[in-house]
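[1] my questions are about this predicted structure, shown below with the sequence.
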Amino acid sequence: MSPEKKKTPAKPRVSRPRPGPESKRNVLITGVSSTVGRHLAMHLMNDPRVGVVFGTGEGAPPHFFQSFDRARFRYVQADILRSRQLKNLFGSREFQAAGVNTVVHLAFISDPAKRGERIHRYNVEGTKNLLDKCIETGIQKFVFKSSDVVYKLDSKNPVYLDEMADLNHDPNADQWIKDRVAAEMICRAKMDTPGMSIVILRITNIIGRNINAQLNAYFDGNVIFKAAGFDPLVNLIHMKDVIEAIRLAIFKAQKSNIFNIAGNDTAPISTFAELNQRTCVSLPEPLLPVVNFAMRKLGLTDYYYSVDRERMRYACLLDTTRARTILGFEPSGSVEFREPDAY
């Protein structure tokens, strides 16, 4: 009779004291080299409620971090898709000594031109790897920057979509959309994790300089093509309101939740085209993907019509009641086309 095998005890989850009202937030920002990440890091460094800021990126540290206080800011080259690199980061002496208690996840490939299995794995599996490591090491708050593209759009939608609206699970949806829905579902599946608050921010269309966003690219075209017979309302948000929403999620969201985040500016596509001094041309909808493909091949646009096929027909306006009530979020920025962006 063989001896009974002893079971290996499960590795205990690290428990860190929850920050009190006077405690500082020590924050890890993944994707800190992105435009949103850079601005967020700058504002957190100027916030007295923040102690230390860690930022991760895949390349060498960008020059704009050189002016940051080295005693409070650390840049770490790490790929969230590689578990060993995450383990080395979270297990490092510096990271543990800093007492990082909050993670803002921005490391998401937003360029719709980058597609395929590796991109999908980075966006989805990378999010899972990071979240699992946060749970394992006792991180108390995980903020995920999502997008309003996760919503299912059709003619039956109400004027404003709240956080309970249906998500787009269409298997034929663009990969850009499917990756975001899949990453969100991973976060939502862990929202009951004891001791951790998971906050999802569904943010509308960001407009500004150096912003790699769909409608930013759309309105930058010299000629804007829209579907004949449709002129849907779209909402645009200023970068400073995006940063404010993330800061509020860090400091004011006490429980796991999902928040719609929208800006001040809502108007039909044709109105924004006029404000941006662009010619707006209506075409039969079946021609739009063909024209868009040709424009991309000619280097005339970075916009991908396949991502916004439904948005070009149906409005996607967000009900932000929950964000106003719980976070106190009120947008203050206003989009000004063809002007230097203060952010």
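    Everything's here; your move.
[2] burial of Gly99, as a residue count?
    15 (other C-beta atoms under 10 Å). Quick note: C-beta positions are derived from backbone N, CA and C, even for glycine.
[3] at the geometric centre of this protein, which residue do we find?
    Centrality entry for the chain: nearest residue to the mean C-alpha point is Lys145, 2.8 Å, by C-alpha atoms, centre = their mean.
[4] contact partners for that one?
    Val36, Val104, His105, Leu106, Phe108, Leu201, Ile203, Ile246 (C-beta atoms under 8 Å, 6 or more residues apart in numbering).
[5] doesn't the second one fall inside a strand?
    Yes. The assignment for Val104 by DSSP: H, G, I helix; E, B strand; the rest coil puts it in a strand.
[6] isn't it right next to Ile29, touching?
    Yes. Shown here, Val104 and Ile29 form a contact pair, counting by C-beta atoms under 8 Å, at 4.9 Å.
[7] any shared contact partners between the two?
    Leu40.
[8] host element of Lys226?
    strand 223-227 (DSSP states H and E).
[9] give the closest residue to Val36 in space, chain neighbours not counted.
    Closest residue to Val36 in three dimensions, ignoring its sequence neighbours and counting by C-beta to C-beta, 6 or more residues apart in numbering: Leu106, at 5.7 Å.
[10] what's the neighbour count on the one you found?
    The burial count for Leu106: 23, using other C-beta under 10 Å.
[11] then Arg84?
    Neighbours around Arg84, by other C-beta under 10 Å: 9.
[12] over to it: give its phi and psi.
    Backbone torsions for Arg84, taken as degrees, to the nearest 10, come to phi -60, psi -40.
[13] now do the strands in this structure.
    Along the chain, counting by DSSP state E, strands occupy 25-30, 50-57, 73-77, 102-105, 141-147, 160-161, 197-203, 205-207, 223-227, 233-238, 257-261, 265-268, 279-283, 317-318.
[14] closest to Asp154 out of those?
    strand 160-161 (11.3 Å; C-beta to C-beta).
[15] need the contact list for the closest residue to Phe329 other than its chain neighbours.
    Leaving aside its sequence neighbours, Phe329 sits nearest to Ala323 (C-beta to C-beta, 6+ apart; 4.1 Å). Residues near Ala323 by C-beta under 8 Å, 6+ apart: Ala245, Leu248, Phe259, Asn260, Ile261, Phe329.
[16] from the contacts of Lys145, which one has the minimum pLDDT?
    Lowest pLDDT among those: Phe108, with 88.
[17] ok, that one touching Cys187?
    No. Counting by C-beta under 8 Å, Phe108 stays clear of Cys187, with 11.8 Å between them.
[18] joint contacts of those two?
    With C-beta under 8 Å, 6+ apart, Phe108 and Cys187 have common neighbours Thr127.
[19] most neighbours of all the contacts of Lys145, which one?
    Busiest of the contacts of Lys145 [other C-beta under 10 Å] is Val104, holding 29 neighbours.
[20] OK, contacts around the closest residue to Leu89 other than its chain neighbours?
    Nearest residue to Leu89, sequence neighbours excluded (C-beta to C-beta, 6+ apart): Ala78, at 5.2 Å. Applying C-beta under 8 Å, 6+ apart, we find Ala78 in contact with Thr56, Gly57, Glu58, Gln85, Leu86, Asn88, Leu89.
[21] so what's the residue count around the fourth one?
    Right, the one you point to is Gln85. Neighbours around Gln85, by other C-beta under 10 Å: 17.
[22] what does Asp69 give?
    For Asp69, using other C-beta under 10 Å, the count is 9.
[23] was I right to think it contacts Asn46?
    No. Applying C-beta under 8 Å, one finds Asp69 not in contact with Asn46, separated by 10.3 Å.
[24] farthest pair in the contacts of Ala323?
    Leu248 and Asn260 (13.0 Å).
[25] so which of the two has more stuff around it?
    Asn260 (27 against 21).
[26] residues touching the more buried one, list them.
    Listed by C-beta under 8 Å, 6+ apart, the contact set of Asn260 reads Asp148, Leu161, Asp162, Glu163, Arg202, Thr204, Leu318, Asp319, Thr320, Arg322, Ala323.
[27] that one and Leu89, how far apart?
    According to C-beta to C-beta, to the nearest Å, Asn260 stands 31 Å off from Leu89.
[28] do Pro62 as well
    Counting by C-beta to C-beta, the gap from Pro62 to Leu89 is 18 Å.
[29] returning to what we had before: which parts of the strand holding Lys226 are buried?
    Ile224, Phe225, Lys226, Ala227 (16 or more other C-beta atoms under 10 Å).
[30] what do you get for stretch 183-190?
    Those would be Ala183, Glu184, Ile186, Cys187, Lys190, for stretch 183-190 by 16+ other C-beta under 10 Å.
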